[in-house]
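Trainee: My questions concern the predicted model and sequence given below.
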Amino acid sequence: MKKVVMAVMILLMVSSMAFARGQRQADDVKRVAFIARAQGDAFAAWLANSISEEAQRFPNIQVTIMDGQANDAWINSLIENSIVNQFDLIILQPNNGEAQTPGVHQVVNAGIPIIITNPRIPGLEGISHSVDADPFEQGAVGARLAFYQVPQNGQVVVLNGPPGNMHSTERRRAWQEEFFNRRPDVTIVGEQIANWNNDEAMNFMEDWVQAHAQIDAVISMNDNMAAGAIEVIRGDARFNNLLVYGVDGTAEAALLIEEGLLTATSFQNAHELARITMNLANDILTGAVTGLVNVDIDCPLITTDNVNLLVDAHVATGALTR
């Protein structure tokens, strides 16, 4: 039944894309497909919205936003249909780099330029453009802070992103090298893959707080999972001093830091990613860029000391009001 539903959805998508192509054939407008990892993910939704906003600066470009639903098979179908419908450029936010690698090769073989963003896929730097942030450093800035903050003989839990996702694996590697290897006194009492998902993180945190009377820190590879863990312990006096570390710098994270519930995050500015990505897309489509381009944005550490920077960034985009 699932295969039938997917087939129908793809057929409808192909039909609508074909109609839209026919409507614009006489226009000199370049068509760009943005395949988002999952609109249900807070950061992915922020990035997709930012791409849509940034696209408005370019009257020569029309962007179609596609929701990958955190489903590798569906994302690969979106890639294939973008090729079939002859988009002029594809922007891909991978869910699983390994799973999307064959699709990227298909795009390149079809002669369509592709920009990979958040995260880039290792091994494809020679055939694709990319706009990203350094995921190791995103994890490392929080890990270096935690080195001094987590109490002696602390017990911690770890929430990981999806396997095969470079941001997930590299952030976790940073925590291993910058924190766990340097703090052998710290014990991991729980570690699970929550796939960037708030609800999955809540489920794991509920199990952990029942199983362990002491949890000193939550180490999360993104803010969305960190927020899920925080909801479980909110108002529980046993965890008044709980340290929680995330990555992304979402609007929700800004509010949680102001509340004193999220200790720190690494600011991965989706608006900046979108701005650079759309500038690059325009340069590629207008011929201003001929070689491959790979760009990294900064990932500053955000705590209570400088959370105003994060709040101001989200106020500027309308995600928060003050």
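Mentor: All right, it came through fine.
Trainee: Please enumerate the strands of the protein.
Mentor: 30-36, 61-67, 89-92, 114-117, 129-133, 155-160, 187-193, 217-220, 243-245, 265-266, 294-297, 301-302 (DSSP state E).
Trainee: Quickly run through the sheet partners of the fourth one, with directions.
Mentor: Spelled out, it's strand 114-117. strand 89-92 (parallel), strand 129-133 (parallel) (DSSP bridges).
Trainee: still on that earlier bit, make JSON lines out of the strands of the chain and add distance to Gln210.
Mentor: Every residue, glycine included, has its C-beta placed from N, CA and C. JSON lines is the format used below for these (distance: least, C-beta to C-beta, whole Å):
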{"stretch": "strand 30-36", "distance to Gln210": "35"}
{"stretch": "strand 61-67", "distance to Gln210": "35"}
{"stretch": "strand 89-92", "distance to Gln210": "40"}
{"stretch": "strand 114-117", "distance to Gln210": "39"}
{"stretch": "strand 129-133", "distance to Gln210": "36"}
{"stretch": "strand 155-160", "distance to Gln210": "12"}
{"stretch": "strand 187-193", "distance to Gln210": "11"}
{"stretch": "strand 217-220", "distance to Gln210": "15"}
{"stretch": "strand 243-245", "distance to Gln210": "18"}
{"stretch": "strand 265-266", "distance to Gln210": "27"}
{"stretch": "strand 294-297", "distance to Gln210": "39"}
{"stretch": "strand 301-302", "distance to Gln210": "31"}
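Trainee: hey, which of the ones you listed is tucked in deepest?
Mentor: Counting by mean count of other C-beta atoms under 10 Å, strand 265-266 has the highest mean neighbour count of those, with a mean of 30.
Trainee: what helices or strands is that strand leaning on?
Mentor: In terms of contacts (3 or more C-beta pairs under 8 Å, 6 or more residues apart in numbering; DSSP states H and E), strand 265-266 is packed against helix 135-149, strand 301-302.
Trainee: Kindly compare burial across these and name the winner.
Mentor: strand 301-302 (a mean of 22).
Trainee: Neighbouring strands of that one in the sheet, and parallel or not?
Mentor: Its sheet considered, strand 301-302 pairs with strand 265-266 (antiparallel) by DSSP bridges.
Trainee: Touching the partner strand from outside, list them.
Mentor: 137-139, 141-142, 223, 226, 245-250, 253, 257, 299-302, 310 (C-beta atoms under 8 Å, 6 or more residues apart in numbering).
Trainee: Could you give the separation of that strand from the chain centroid?
Mentor: Relative to its chain's centre, strand 265-266 lies at 13 Å (C-alpha atoms, centre = their mean, to the nearest Å).
Trainee: same deal with stretch 83-95?
Mentor: How far stretch 83-95 lies from its chain's middle: 18 Å, per C-alpha atoms, centre = their mean.
Trainee: With mean pLDDT and distance to Thr101 added, can I get the strands paired with strand 114-117 in TSV?
Mentor: Formatted as TSV, the strands paired with strand 114-117 follow (pLDDT from 0 to 100; distance: least, C-beta to C-beta, whole Å):
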stretch	mean pLDDT	distance to Thr101
strand 89-92	98	11
strand 129-133	96	13
